[in-house]
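Peer 1: Here is the input, now give the coordinates:
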Amino acid sequence: MSRVVLVTGVSRDLGARLARSLAAHGQHEVIGVDLTPPKRDLGAVKFVRADLRGPALPSFLARHGVHTVVHCGLLIEEAVASPAAAKESNILGTMQLVAACQQAPGVRHVVLRSSGWVYGASPLDPARFAEDTVPRRPPRMGPAKHALEMESFVLGLAQRRPEVAVTILRLSSLLGGHVDSSLSRWLSLPVVPRPLGFNARLQFLHPADAVRALQVVVERELPGTFNVAAEDAVTLTQVLRILGRPAIGIAGNSPALLALGRRAKFIRFTSDQVRAMTWGGLLDTRRFEQVADFAPVYSSRRAVEEFAAFTTPGMLDAERIDRAIDQVRRVLSPAVQAPTMPWPRGVRGTHG
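Peer 2: Numbers count the residues shown, from 1 in each chain. Modelled structure (predicted):
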């Protein structure tokens, strides 16, 4: 059945991919909304430039007969210059969107792209977080705290309007070719600062699999809260080895690591994010696999390898090391294989 689907955040990669994919199937009329025009081709998507915090959103939803709203306009992993602006966009934008959905009688399904960061990280947490796991140390600030608050707004909508299906997808950290985030910029540094004495187990999700997961819940109208991530895990040491990046150990939550964003390409880490990179934390994805019959195509390792293929090789990249060894071998080879030089003129051997 054809439906009108509204996707927020289409000026960024994930929202643009999802909107284009939904429109390409031809089963839905897709409207993309963002405050800034998209740089990517949206295909058959109808783009509308709008601010989610504006007062005209409820009438817009009703006028266009929107059935499904997919909120991808959250600044969760993006590298941004202003944390205050990110908070305003995340919290106020989501509040206004939820209020508009509550007032629009035609809205029957709301999908929120959330994050696995909502579980926080501590040495007392389980090896894998299930959807009903109560974190020992919930996030206290930054994007992870924003995501928790946004989830509460959407769940409140489900209580006020029980006829509206609500889906929350807690995505693992996105990684792959051309992914631009605080995490990807951190891993692209010539020397990567890492928590001293720890080797966190990490889990990733390729953007293509994130789009597939979102599309499944839109098309099948699956309610509930679900973790989405690749099944396997890689350690931080393995990630750096694949990328060929040397690392420097820094004491956890030290000012040098927390203030990295002021010096290196808007990489901003909160204390909660540093804890996640210290202790790690994997998502239990069995619920979504069973309910949606979904399995990611890309493993965490494959996502890292694709990211490595699209970034500048690190100083410890295997090919770079091989080239350096070959150059040294060529320099030393003539000296090793050169014939014995004759005695200088006027000099005789001791036996003569």
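Peer 1: so where's the stretch 51-200 of the chain uncertain?
Peer 2: 77-83 (pLDDT under 70).
Peer 1: could you pull out the helices for this structure?
Peer 2: Counting by DSSP state H, the chain has helices at residues 13-24, 57-63, 83-87, 93-103, 142-160, 182-187, 207-220, 236-243, 255-258, 271-279, 286-292, 300-309, 318-337.
Peer 1: Save these as a markdown table, and put in distance to residue 121 and mean neighbour count too.
Peer 2: Heads up, the C-betas are built off the backbone N, CA and C, glycines and all. Compiled in a markdown table, the helices of the chain are given as follows (distance: least, Cβ to Cβ, whole Å; neighbours: other Cβ atoms under 10 Å):
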| stretch | distance to residue 121 | mean neighbour count |
| --- | --- | --- |
| helix 13-24 | 23 | 24 |
| helix 57-63 | 35 | 17 |
| helix 83-87 | 20 | 14 |
| helix 93-103 | 24 | 20 |
| helix 142-160 | 9 | 18 |
| helix 182-187 | 14 | 22 |
| helix 207-220 | 21 | 20 |
| helix 236-243 | 13 | 18 |
| helix 255-258 | 15 | 15 |
| helix 271-279 | 4 | 21 |
| helix 286-292 | 21 | 16 |
| helix 300-309 | 17 | 20 |
| helix 318-337 | 31 | 10 |
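Peer 1: would you list those in a markdown table and tack on distance to residue 43?
Peer 2: Shown next, in a markdown table, are these (distance: least, Cβ to Cβ, whole Å):
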| stretch | distance to residue 43 |
| --- | --- |
| helix 13-24 | 5 |
| helix 57-63 | 22 |
| helix 83-87 | 28 |
| helix 93-103 | 24 |
| helix 142-160 | 28 |
| helix 182-187 | 25 |
| helix 207-220 | 13 |
| helix 236-243 | 33 |
| helix 255-258 | 41 |
| helix 271-279 | 34 |
| helix 286-292 | 25 |
| helix 300-309 | 23 |
| helix 318-337 | 37 |
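Peer 1: show me what contacts the spatially most central residue of the chain?
Peer 2: By Cα atoms, centre = their mean, the mean C-alpha position of the chain lies nearest to residue 174, the distance being 2.7 Å. Contact analysis of residue 174 by Cβ atoms under 8 Å, 6 or more residues apart in numbering lists 14, 77, 181, 204, 205, 206, 207, 210.
Peer 1: ditto for residue 65
Peer 2: 4, 106.
Peer 1: returning to what we had before: which of the helices of the chain sits closest to residue 249?
Peer 2: helix 255-258 (10.2 Å; Cβ to Cβ).
Peer 1: tell me the mean pLDDT for that closest one?
Peer 2: What helix 255-258 shows for mean pLDDT is 53.
Peer 1: follow-up on the earlier one: tell me the one of the contacts of residue 174 nearest residue 37?
Peer 2: residue 14 (16.8 Å).
Peer 1: separation between the closest residue to that closest one other than its chain neighbours and residue 271?
Peer 2: Among residues not flanking residue 14 along the chain, residue 72 sits closest, at 5.5 Å (Cβ to Cβ, 6 or more residues apart in numbering). Counting by Cβ to Cβ, to the nearest Å, the gap from residue 72 to residue 271 is 27 Å.
Peer 1: Residue 2 - how many residues pack around it?
Peer 2: By other Cβ atoms under 10 Å, the residues close to residue 2 number 9.
Peer 1: so what's it up against?
Peer 2: Contacts of residue 2 by Cβ under 8 Å, 6+ apart are 27, 28, 29.
Peer 1: Just give me the closest of those to residue 293.
Peer 2: Each of the contacts of residue 2 was scored against residue 293 by Cβ to Cβ, and residue 27 proved nearest at 18.9 Å.
Peer 1: Now do the closest residue to that closest one other than its chain neighbours, the pLDDT please.
Peer 2: Leaving out its chain neighbours, the residue that sits closest to residue 27 by Cβ to Cβ, 6+ apart is residue 2, at 6.1 Å. pLDDT for residue 2: 79.
Peer 1: Could you turn the buried ones of the contacts of residue 2 into a PyMOL selection?
Peer 2: Entered in PyMOL, the line below selects the buried ones among the contacts of residue 2, by 16 or more other Cβ atoms under 10 Å:
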select buried, resi 28+29
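Peer 1: Make JSON lines out of the contacts of residue 2 and add pLDDT and distance to residue 227.
Peer 2: Putting the contacts of residue 2 into JSON lines (pLDDT from 0 to 100; distance: Cβ to Cβ, whole Å) gives the following:
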{"residue": "27", "pLDDT": "81", "distance to residue 227": "27"}
{"residue": "28", "pLDDT": "89", "distance to residue 227": "26"}
{"residue": "29", "pLDDT": "95", "distance to residue 227": "30"}
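Peer 1: Any figure for the gap between the residue nearest to the centre of the chain and residue 202?
Peer 2: Residue 174 is 12 Å from residue 202, by Cβ to Cβ.
Peer 1: same check, this time on residue 71
Peer 2: 26 Å.
Peer 1: Compare the two (neighbour count), which wins?
Peer 2: Per other Cβ under 10 Å, whichever of residue 71 and residue 202 has more neighbours is residue 71, with 26 against 22.
Peer 1: Now do that one against residue 40, distance only.
Peer 2: Residue 71 is 19 Å from residue 40, by Cβ to Cβ.
Peer 1: ditto for residue 20
Peer 2: Residue 20 is 8 Å from residue 40, by Cβ to Cβ.
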